[in-house]
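**Q** I would like the atomic coordinates for the input below:
(one chain, ligands or ions: 1)
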Amino acid sequence: MSLLSKIFTGLQKTQNNITSEFNRIISRSPKLTEDDTEELEAALISSDIGISATEEIIEAVRKEYESNGGQSSSILKVAVSVVESCLSKTTNSLAKNSELTVVSLVGVNGAGKTTTAGKLANHIKNTGGNPMLAACDTFRAAAIEQLSSWGSRLDIPVISSEYGADPAAVAHDALNSALSKKSDYLLIDTAGRLHTKHNLMRELEKLHRVISTKYNGAPHETLLIVDASIGSNALIQAREFNKSVPLTGLIVTKLDGTSKGGMVVAIQNELKLPVKFIGLGEQPDDLQQFSPSEYARALFFNG
Ligand code: GDP
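**A** Next comes the predicted model:
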């Protein structure tokens, strides 16, 4: 499947929910009534797109109705262009240094950190890079094996230790190894933690302190991995993690199979933090660099 078809397939649930409502409301009314507006708002809000994008879309739809009447495809195009402009306010590319770029992947348990570490390493390798993985989740049963198996499947080196080892020490060793092997990216898979667990947040701060002392500017990216199905709760997670480890962006996983795909718009609009990649499945190629125009279109059109 082409990359473009993947995003349309992945976002199908969200898109179906929004556009079936839009088409139903638009087709019954030559004029936009208050009731219509409320129903359009409800359809947008249920995708977790956020209040501010919803208001902007409704305003633009109202204007389109006034000037050109309610043509379904042109109303949806208007919505696409509002969303695209909300999404284009930040840069979405991954940081790149002339030497090594260190990327720390953080988030709660089960968000998809380990899987994303594997998929991101695959993306870097496929675009000509030379990545290394660091298994710094020394807490969750099977996390080390899970990352090692991604490494052997993709032929990408993985630095690991044993369960219970100090994650900061593993990160330190991995940094030494990445520098000596001249890797261009070191991807650090950290243990899942709730932002309310202060001791675990201190542990993450320590890991970041250790690598920044060892290598100037590291980590160059701290990406929060969030599961799309939590919708707008991702905003709370991002704000709280940001207090301990300043985030440079997000990767939103499991967009396949959720109807809350609008949350990506709310995140960029409200946090001003870029979404850098999106996860659309569990296979190595199911990670896509985030494109505002493709994403905006996939929320309202199925191809
Ligand atoms: P971690 O605890 O944050 O490291 O989470 P894992 O990487 O172990 O992922 C938790 C589960 O989510 C696993 O079953 C993954 O295969 C699955 N997963 C991760 N990313 C995606 C995605 O983009 N789409 C789907 N459908 N599943 C995903």
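**Q** what's downstream of the helix or strand bottoming out on mean pLDDT in the chain, the next helix or strand?
**A** Ranking every helix and strand in the chain by mean pLDDT, DSSP states H and E puts helix 3-10 at the bottom, with a mean of 83. For helix 3-10, the following helix or strand on the C-terminal side (DSSP states H and E) is helix 12-28.
**Q** which helices and strands sit right next to that following helix?
**A** helix 34-45, helix 72-87, helix 292-300 (3 or more C-beta pairs under 8 Å, 6 or more residues apart in numbering; DSSP states H and E). All C-beta atoms are positioned from the backbone trio N, CA, C, and that covers glycine.
**Q** right, so those helices: which one is the most enclosed?
**A** Most buried of these, by mean neighbour count (mean count of other C-beta atoms under 10 Å): helix 292-300, with a mean of 22.
**Q** For it, C-alpha coordinates in CSV please.
**A** Presented in CSV, the C-alpha positions along helix 292-300 are these (Å, rounded to 0.1, in the frame of the first residue of the first chain):
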residue,chain,number,x,y,z
PRO,A,292,-0.1,18.8,7.5
SER,A,293,-1.7,18.8,4.0
GLU,A,294,-2.2,15.0,3.8
TYR,A,295,-3.4,14.8,7.4
ALA,A,296,-6.0,17.6,6.9
ARG,A,297,-7.3,16.0,3.7
ALA,A,298,-7.5,12.5,5.3
LEU,A,299,-9.7,13.9,8.1
PHE,A,300,-12.4,15.0,5.6
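**Q** Centre of the chain to it, how far?
**A** 15 Å (C-alpha atoms, centre = their mean, to the nearest Å).
**Q** Tell me the helices and strands packed up against that helix.
**A** Secondary-structure packing of helix 292-300 (3+ C-beta pairs under 8 Å, 6+ apart): helix 3-10, helix 12-28, helix 72-87.
**Q** just for the protein, where's the confidence low?
**A** For the chain, the stretches flagged by pLDDT under 70 are 1, 3-4.
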